[in-house]
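Trainee: okay, predicted coordinates and the sequence, questions at the end:
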Amino acid sequence: MSKLELNVNGQKQTVEDVPADMPLLWVLRDRLGLTGTRFGCGMAQCGACTVHLDGSPVRSCSVPAIAAADSRITTIEGLAAADGTLHVVQQAWLEHDVAQCGYCQSGQIMIATALLARNPKPSDADIDAAMAGNICRCGTYVRIRKAIHSAATALRART
Amino acid sequence: MSRYHIQKFDRRQFLQISGLAGGGLLLGVSVIEVDTARAATSTLASSSLAPSAFLRISRDGIVIYATQPEIGQGVRTSIPMILAEELDVAWKDVEIRISGIDAKRYGVQTAGGSTATPRSWNPMRRAGAVARAMLVEAAARRWNVAATDCSTRDSEVIHAASDRRAHYRDLAEAAATLPVPDAETIRLKTRAEYRLLNTRVRTTDGRDLVTGRPTYASDVRIPGMLHAMYIKCPRIGGKVRSANLDEVRALPGVVDIFVLEGNGDLTELKPGVALIARDTWSALSARRALRVDWDESAAASDDWPSTLAKARELAQAGGDGASGNDLIAERGDIATAFASAKKTLQSTYSYAFLSHAQLEPQNCVARPLEGGGMELWPPSQTPQRAQMAVAKLLGVAEGNVTIHPQRLGGGFGRRLNNDVACEAAAIAARARAPIKLQWLREDDMTNDVVRAGGMMALQGALDASGRLSAWRNHQITFSPDGKRIVSGGTLRAEEDFAPLMPAVRITRSVLPWSSPCGFWRAPGASAFAFPLQSFLHEMSVAAGRDHLEFLLELLGEPRWLPPANAGALNTGRAAGVLRLAAEKSGWGKRLPKGRALGIAFYFSHTAHVAEVAEVSVDAARHITVHSVTVAVDVGPVINLNGAEAQCQGSVIDGLSAMAAQKLTYRGGVIDEKNFDRYPLRRIGKEPRIDIHFLQSDFPPSGLGEPVLPPIAPAICNAVFSACGQRIRSLPISEEGFSI
């Protein structure tokens, strides 16, 4: 058990009594009330729990919270600007009306934003490679792909 | 029918209230209650128009209540759109709120069997039209003109002759004092008059979904909430003999641990060990130290490999190879038809048991109330039944159980059952504390109400002219008690095109199976379409005929089967979607070697759907699906965005299931406990999906299910045409194929 200082969405958070093996997912959901990061499988198979550590996507169900103590943690709740302006990927998700049940979409969006941050013009193959770890039972992949391409276009137009 | 019940209720209520008030000025007090979570912030304005439970218009705005469970099928958006269309309101002016659970007020609130849309169609249209008529009347009186000279558009009443307009918000108070017109005789729009329906409207909760706001049952947090897990026997039906409860109780973060006996219903409360901790991880960690000695004397011992072998034996037994114990349908002189046939064929098809694998694992928050009641936040497709089940379990009146409806992280039929609500209620009641029960994925997959597998032994006869002259089907399905067929395991004669066959005999054999089975997206149809539509293709191939032409001949003249039933298979609508799918896919076009088209039709949930798949097959039996053309007749399309989403999703979901999904039971234990062993399709190589709606004035069908059944036979028929290999097992990985 230890006391952890975490940097989550730009804010310092102190969490008491964290077991050494407690995954970041459950610290976010149960201790910090950030429930937008979702539990799907608990074994890094589905991607519903994806967050960023220093901008890189990780499966928070399989990363001990302690291992994230020195990193900037970004969750789906921290993606939009402080004034509520949506990230271009979130905006594209709305424009293409991607979500059906929506449960996996936090994770899908977190992966997609990480992809676009390092690859502003992803090919279909790039998208396949980056997004392959995230499952959607509703089968929204057609729209996910379209939304990523259109977010990429919007990002490039901005710069 | 309950569909008029709501309006009658409200009309009566209106009359009572207006009678008491001596002039109808207080119609506003009959406004519906909002769900209890929002009640604190709502004011019951006396100046609002609420002629039905689905709508409230006041100076503050226009609210439409979404009453049906949202499981990803889009009904929080599409069903309010039906009302908005008749109301002639601008969609941007509408605020959608989630209603509470109340059968008297809202009628049935269920997401299942693709029924939410058809069930809501008339009540919502009438609710919109009634309110619109009252607003028009209020404006006409204000302007001293005839109501018939007024029109409506974009939330305004317009008197064109004098160029006057009034917004609904400003008319609501006056309209609320008027008599409510008769909902059953009010004029409704024709399809040509629609401005909102058949357009693209985005999902109501879209912004919440992309920003991660609390949305699902699993996101619910209430003060003092503890975290529970419920550990059940790996073999369903096993009971707790003993467990190291004291040892686990002493572990860090553990608050309580106890045994529950179960209520004898495996789809409500199974026996198990409830473990309560301060957070999910503490519960999960402590669970690893739990050792339970299970009494498995009455536990399930279902075994798929041996059952499949037994089923195959049954399918091949008997002189005609197709004689089950139960007769489902028989018509015509089948013996003569087979004896005089030019050609006969015989094939056996199998389909595996499937898991629902909805992405949000089962969970439920429950809070005990004073006096023995319970408040719950279940992810339920049947929240009214959750209320009944929990009330019965706790031995309290239904009024003492409050259900807060939640958006579901997938339904697919899994959450027609309310086992997780029963478990949460039992644990919270015993612990006398608010708890969140969380299932792990492993709990979810081993305690599912699974899609039953099965087998069909099919025989067909062709006459001298290459027409289908006789058809035998021997279905092998399951029963827990030898009497009741498992849910989703019953083949209805009309599903088998039986009414179209000149001579037909459908029989059934039943094998024992004790693990609970349930409804899985397009129950029955999701399994049966594959053997039935594949074998029809075997017959047309044997006859040397074009499969489209063969199917159209079988369908014959346009008619309802059974007759005069607008919810039945209509051969004209079936032919319509087959022709449309064929035309749009270029049916008959020349393709390179190894590449081919396949077509299949299926009728389910009152929807007529045909699909054409274009595939290539390589030497390693890998199938590439280049495109899928979907032609759908569900009557009128409501939200085009949502309708296309359901079609795209059903095609992908169907591909996912047919490729490699199966549950392997060995001695009552399921091998596939997580996504590592139970593959859901991932992104990559989605086929191009072209969707075409054949819109009509028939009442609308739901669209969450019926597009899924034709995909497997369409692809397998295409595979045969591409490479000459006939796939007769689902998943196709059983025969060495992959997609």
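Mentor: Looks like it arrived, so ask away.

Trainee: list the contacts for the residue in chain A that chain B sits nearest to?
Mentor: Shortest chain A-to-chain B distance, computed as CB to the nearest CB: residue-wise this is A:Gly36, at 2.0 Å. C-beta coordinates here come from the backbone N, C-alpha and C atoms, glycine included. Contacts for A:Gly36 were tallied using CB atoms under 8 Å, 6 or more residues apart in numbering or on different chains; they are A:75-77, A:106, B:211-214, B:219.

Trainee: check B:Val365 too.
Mentor: Counting by CB under 8 Å, 6+ apart, the residues that B:Val365 touches are B:217, B:220-222, B:225, B:376-377, B:424, B:434-437.

Trainee: what about burial for these, which qualify?
Mentor: Buried subset of those (neighbour count, 16 or more other CB atoms under 10 Å in any protein chain shown): B:217, B:220, B:225, B:376-377, B:424, B:434-437.

Trainee: please list the members of those that lie in helices.
Mentor: Judged by DSSP state H, the buried ones among the contacts of B:Val365 include B:Ala424 as members of helices.

Trainee: tell me which two of the buried ones among the contacts of B:Val365 sit farthest apart.
Mentor: Farthest pair in the buried ones among the contacts of B:Val365 (CB to CB) is B:Ala217 and B:Pro434. Separation: 13.9 Å.

Trainee: before we move on, the earlier item: what's the closest of the contacts of B:Val365 to chain A?
Mentor: Nearest to chain A out of those is B:Arg221 (CB to the nearest CB; 6.1 Å).

Trainee: helix/strand/coil for the closest residue to that closest one other than its chain neighbours?
Mentor: Closest residue to B:Arg221 apart from its sequence neighbours, by CB to CB, 6 or more residues apart in numbering or on different chains: A:Gly33 at 6.1 Å. On the three-state scheme (DSSP: H, G, I helix; E, B strand; the rest coil), A:Gly33 is labelled coil.

Trainee: hmm, B:Val220 and A:Gly33 touching each other?
Mentor: No. Contact criterion CB atoms under 8 Å: A:Gly33 and B:Val220 do not qualify, at 11.1 Å.

Trainee: overlap of the contact sets of the two?
Mentor: By CB under 8 Å, 6+ apart, no residue touches both A:Gly33 and B:Val220.

Trainee: within range of chain A, give me the residues from the stretch 201-350 of chain B.
Mentor: Contact residues, the stretch 201-350 of chain B versus chain A (CB under 8 Å from any CB of the partner chain): B:202-203, B:205-207, B:209-216, B:218-219, B:221, B:227, B:252, B:279-282, B:285.

Trainee: at 10 Å what do you get?
Mentor: Within the stretch 201-350 of chain B, the positions near chain A by CB under 10 Å from any CB of the partner chain are B:201-203, B:205-216, B:218-221, B:225, B:227, B:252-253, B:277-285.

Trainee: mind checking pLDDT for the closest residue to chain A within the stretch 601-739 of chain B?
Mentor: The stretch 601-739 of chain B approaches chain A most closely through B:Ile652 (2.8 Å), counting by CB to the nearest CB. B:Ile652 is assigned 98 on the pLDDT scale.

Trainee: next, count neighbours for it.
Mentor: Taking other CB atoms under 10 Å in any protein chain shown as the criterion, the count of residues near B:Ile652 is 26.

Trainee: tell me the secondary structure for it?
Mentor: B:Ile652 ends up helix, using three-state DSSP.

Trainee: and the residue nearest to B:Val486 when sequence neighbours are not counted, how many neighbours does it have?
Mentor: With sequence-adjacent residues excluded and distances taken as CB to CB, 6+ apart, B:Val486 is closest to B:Cys517, at 3.8 Å. A count of nearby residues for B:Cys517, using other CB under 10 Å, gives 25.

Trainee: quickly list what B:Cys517 is bridged to.
Mentor: With DSSP bridges as the criterion, B:Cys517 is bridged to B:Val450.

Trainee: need the contact list for it.
Mentor: B:Cys517 sits next to B:267, B:353, B:448-453, B:477-480, B:485-489, B:523 when contact means CB atoms under 10 Å, 6 or more residues apart in numbering or on different chains.

Trainee: show me the residues you listed that map onto strands.
Mentor: Those of the contacts of B:Cys517 mapping onto strands are B:477-479, per DSSP state E.

Trainee: and chain B, what are its domains?
Mentor: Domain assignment for chain B by automatic domain parsing gives B:5-208, B:217-299+B:362-438, B:317-355+B:450-735.

Trainee: elements contacting the helix ranked longest in chain A?
Mentor: The longest helix of chain A (DSSP H) is helix A:141-158. With contacts taken as 3 or more CB pairs under 10 Å, 6 or more residues apart in numbering or on different chains; DSSP states H and E, helix A:141-158 sits against helix A:88-95, helix A:105-118, helix A:124-131, helix B:640-660.

Trainee: dump those to JSON lines, plus distance to B:Ile715.
Mentor: As requested, these are arranged in JSON lines below (distance: least, CB to CB, whole Å):
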{"stretch": "helix A:88-95", "distance to B:Ile715": "29"}
{"stretch": "helix A:105-118", "distance to B:Ile715": "26"}
{"stretch": "helix A:124-131", "distance to B:Ile715": "21"}
{"stretch": "helix B:640-660", "distance to B:Ile715": "7"}
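
Trainee: those: which one's closest to B:Ser120?
Mentor: Using CB to CB, the helices and strands packed on helix A:141-158 put helix B:640-660 closest to B:Ser120, at 13.9 Å.

Trainee: each with direction, which strands does whatever helix or strand comes next after the closest one pair with?
Mentor: Using DSSP states H and E, the helix or strand that follows helix B:640-660 in sequence is strand B:665-666. Strand pairing for strand B:665-666, using DSSP bridges, gives strand B:669-670 (antiparallel).

Trainee: which ones among the contacts of A:Gly36 map onto helices?
Mentor: Counting by DSSP H, the part of the contacts of A:Gly36 found in helices is A:106, B:211.

Trainee: quick check on the contacts of A:Gly36: which are buried?
Mentor: A:75-77, A:106, B:211-212, B:214, B:219.

Trainee: skipping adjacent residues, who's closest to the most centrally placed residue in chain A in space?
Mentor: Geometric centre of chain A, nearest residue: A:Met110, 2.7 Å, by CA atoms, centre = their mean. Leaving aside its chain neighbours, A:Met110 sits nearest to A:Thr50 (4.2 Å; criterion: CB to CB, 6+ apart).

Trainee: partner residues bridging that neighbour?
Mentor: Beta-bridge pairing for A:Thr50 (DSSP bridges): A:Arg59.

Trainee: for it, give me its contacts.
Mentor: Neighbouring residues of A:Thr50 by CB under 10 Å, 6+ apart: A:25, A:37-38, A:44, A:57-61, A:75-76, A:104, A:106-114, A:133-134.
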